[in-house]
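Engineer: sequence and computational prediction follow.
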Amino acid sequence: MSTVDRLYIGCPVQHARQFIAGKWQMGILWNLKNQSLGFGEIKSKLPGLSDKILMQELDFFIQKKIILRNAFEFQTGKAEYALTSIGESLIPLINSIVEWGYLYLQDEQMSKEMSMTPMPAIEEIENGMAEKE
């Protein structure tokens, strides 16, 4: 354990960051918020995510009890991933980050990467924000 890691032992912010700070972590959790998905389904929703990184992230989330892996006995190799209750408890936090990003993104020039947000996700954000008003 590094000196920096030792400094943050017991810090709630650093503890929470380990679940949402990775490049793909929020996207994986966000896509599982309403449904169980197979490995390929998760991967198809996150263009650019490699098999290796997806497996590492899923293994991490399973180990930390954020995601549950449901293997089907009748189909070898087939499994679906779903949020546990602990994983579901991260969704409001992620939703707040997505809403904040959406609001303040409107004030900035759109880049090619920013325009990759799927329309259904944008509509869901806008509907959720309208319900809060």
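Structural biologist: Now that the structure is in, tell me what you want to look at. Keep in mind it's a predicted model, so treat the numbers as computed, not measured. Residues are numbered from 1 along each chain as shown.
Engineer: all contacts plus neighbour counts: C-alpha atoms, from now on.
Structural biologist: Noted.
Engineer: specify the local secondary structure of Lys65.
Structural biologist: Of the three states, Lys65 takes coil under DSSP: H, G, I helix; E, B strand; the rest coil.
Engineer: doesn't Glu88 make contact with it?
Structural biologist: No. Using C-alpha atoms under 8 Å, Lys65 makes no contact with Glu88, being 10.9 Å away.
Engineer: show me which of those two is the more surrounded one.
Structural biologist: Using other C-alpha atoms under 10 Å as the criterion, Lys65 and Glu88 rank with Glu88 on top: 18 against 15.
Engineer: what number of residues lie near Thr84?
Structural biologist: Applying other C-alpha under 10 Å, we find 16 other residues in the vicinity of Thr84.
Engineer: and Asn70, its phi and psi?
Structural biologist: phi -110, psi 110 (degrees, to the nearest 10).
Engineer: this completes my enquiry, with thanks.
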